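Visitor: next comes the sequence, and after it the predicted model I'd like to discuss.
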Amino acid sequence: MAAELYTACYENRFKTSSAYVYDQLDWNDEDVEALCKVLESEPLPEAKQLWLSHNQITEVGLARLTAMLQKTEVLEALEILDLKGIPEPSEMAKNKLREARDGVEVFFTHKILGNGVFD
């Protein structure tokens, strides 16, 4: 019974979500590797946002995300990759990730929206 419920939840909710939020989980590069393997094996055609902000992801994890995004069949609808609050990567690592796929905005820092409000 539990397996059937989990499968139904996965098929009806997880696979059809538009945003995947893994924010402030203290994830590291190994966690990013595990996530990338799952995402490469299970297409999520509705996924428009992936939030990995405020985790302990280094340039190793960013390189893995870059490689994943270069595979056009993985997260093909992705528009936003949020990496705010991770340890500061080099400009080269940031640029490689930003160039990995056209149409995907990658955020590393908060933006001031107005009146001192941050996104």
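Guide: Yep, that arrived. Numbering: from 1, shown residues only.
Visitor: where exactly do the helices run in the chain?
Guide: Counting by DSSP state H, the chain has helices at residues 2-9, 29-41, 59-69, 91-98.
Visitor: deepest-packed of these, please.
Guide: helix 59-69 (a mean of 20; mean count of other C-beta atoms under 10 Å). Backbone N, C-alpha and C define where each C-beta goes, glycine included.
Visitor: quick one: contacts of it?
Guide: Contact with helix 59-69 is made by 28-29, 32-33, 36, 39-40, 52, 74-75, 78, 81, 83, 89-90, 93-94, 96-97, 100-101, 104, as judged by C-beta atoms under 8 Å, 6 or more residues apart in numbering.
Visitor: quick one on the thing from earlier: for residue 20, find the nearest of the helices of the chain.
Guide: With C-beta to C-beta, the closest approach to residue 20 among these belongs to helix 29-41: 8.8 Å.
Visitor: which residues sit against that closest one?
Guide: 22, 25, 27, 52, 55, 57-58, 60-61, 64-65, 67-68, 71, 74-75.
Visitor: just the closest of those to residue 4, please.
Guide: The closest of the contacts of helix 29-41 to residue 4 turns out to be residue 22 (C-beta to C-beta; 26.0 Å).
Visitor: residues in contact with that closest one?
Guide: The neighbours of residue 22, taking C-beta under 8 Å, 6+ apart as the test, are 35, 50-52, 55.
Visitor: need those residues in CSV with pLDDT and distance to residue 44, can you?
Guide: Shown next, in CSV, are these (pLDDT from 0 to 100; distance: C-beta to C-beta, whole Å):
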residue, pLDDT, distance to residue 44
35, 92, 11
50, 96, 9
51, 97, 14
52, 97, 15
55, 96, 19
